[in-house]
Structure formats: C-alpha cells, structure tokens
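*Asks:* Give me the fold of what follows.
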Amino acid sequence: MLRTICLTLSLALAAPAAMAGPMTPAEGRVTVTYVAPETFRDREFRRERSRSSALAEFDRWFAELGARYLPAGQSLHIEVLDIDLAGEFEPWRSGFHDVRFLRDITPPRIHLRYRLMQGDTLIRAGEERLTDMNYLSDPRGHGDSRRFIYDKLLVQDWFRKTFAKPQRPARPGLSG
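*Replies:* Down below sits the predicted model:
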C-alpha cells in the first residue's frame, strides 16, 4: 500500500507563523510518501487506527519543519521507508500493555529517501538511515510530553543539518 500526502501550510499552521512574519505560498512545501507503512518495524504502524494517528502526527511535523528550514521556491519530496519509534512496548508488564518504555537499546530509527528541488532543478538527493543512540541524553526531550518527542527531535536534527543554511560564516582560521 502506498500512501501519499502533500503538505502545504494550512490555515492552522500558517496562523502562528503569520505572526512571525510574511510567508510566500511556496515556502516550506513538503511532500511525504509512506511506503507500505503497515510493514514498518514499529508496532504502532500495524493497526490502521494507530497507524493513521501516528502518520498524521509525522505529517504535521514534516510540514512544520519544511516551513522552518526550506527557503521559498524549494520543495522537498520524502519517501519514508521505515520507522522504528523510540522505546518499545512491554506487553508482559501487567497493566502497561500500551505503555512505551524508553531504554538505551531502543533508539528512534527512520529510513528515508529524499529529493530537494528548486523548481524543476534537483538540488540534493539521498537516502538516509537516521538514528540517535544517545536519545535519552538529549535534554530537549526531558519533561516534554509531546507524542513521539525523541522521534521528532531526530527528524528535526536531520532537517537542520541537511537543509538549514549557516546563520553566520565561520571565523577565519577555524576549520571544522
């Protein structure tokens, strides 16, 4: 099964952003295709109801990141090939069948392909296997009650590293 979602800034997402400054309609356009999400490694994607809810959550996150990191005129086409969310269910725990336990050995993992376009011109393309083995040490996730926070931070870090332009040039004499 192939599920495609075209994401543009809806009024709900554009309203808070409009307060920050004007946006052009082409700014932050992201197209996400989930390739056979019912076969994704994580249990969350095996049942239709939880799969739809999880994918809707990621759809919103990709749209928000596209609006934040992609310049006007650029579009990003992403094929998500697999998602293994941070943590794991431990059904043997009485009363905790639907609780996701976060452990060092269960980091978030996302496999994707992408194409960044400027109009009809390909700017960048690639295939990535994202993971963060130290996700539990990330202070941004501590105390944050948002659903899939560590998975979202993983995607956000990838967007920032892959698509954000440096804010200021490096100082002369320093090499990275």
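
*Asks:* how close does the residue most central in space within the chain get to Val30?
*Replies:* Closest to where the C-alpha atoms of the chain average out (CA atoms, centre = their mean) is Val155, at 3.7 Å. For Val155, the distance to Val30 (CB to CB, to the nearest Å) stands at 11 Å. Bear in mind the C-beta positions are built from the backbone N, C-alpha and C, glycine included.

*Asks:* what touches both of these two?
*Replies:* Common contacts of Val155 and Val30 (CB atoms under 8 Å, 6 or more residues apart in numbering): Phe62, Leu65.

*Asks:* buried ones in stretch 64-81?
*Replies:* 64-67, 69-70, 74-81 (16 or more other CB atoms under 10 Å).

*Asks:* Could you do stretch 127-138 as well?
*Replies:* Across stretch 127-138, burial judged by 16+ other CB under 10 Å covers Leu130, Asp132, Tyr135, Leu136.

*Asks:* Dump those into a markdown table; add secondary structure and distance to Ile149 as well.
*Replies:* Shown next, in a markdown table, are those (DSSP: H, G, I helix; E, B strand; the rest coil; distance: CB to CB, whole Å):
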| residue | secondary structure | distance to Ile149 |
| --- | --- | --- |
| Leu130 | strand | 15 |
| Asp132 | coil | 12 |
| Tyr135 | helix | 9 |
| Leu136 | helix | 11 |
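
*Asks:* Tell me the one among those nearest to Leu102.
*Replies:* Among the buried residues of stretch 127-138, Leu136 lies closest to Leu102 (CB to CB), at 6.2 Å.

*Asks:* buried stuff in the helix or strand hosting Leu154?
*Replies:* Element membership of Leu154, judged by DSSP states H and E, is helix 149-163. Across helix 149-163, burial judged by 16+ other CB under 10 Å covers Ile149, Tyr150, Asp151, Lys152, Leu153, Leu154, Val155, Gln156, Trp158, Phe159, Phe163.

*Asks:* which residues touch the fourth one?
*Replies:* Translated: Lys152. Contacts of Lys152 (CB under 8 Å, 6+ apart): Trp61, Arg146.
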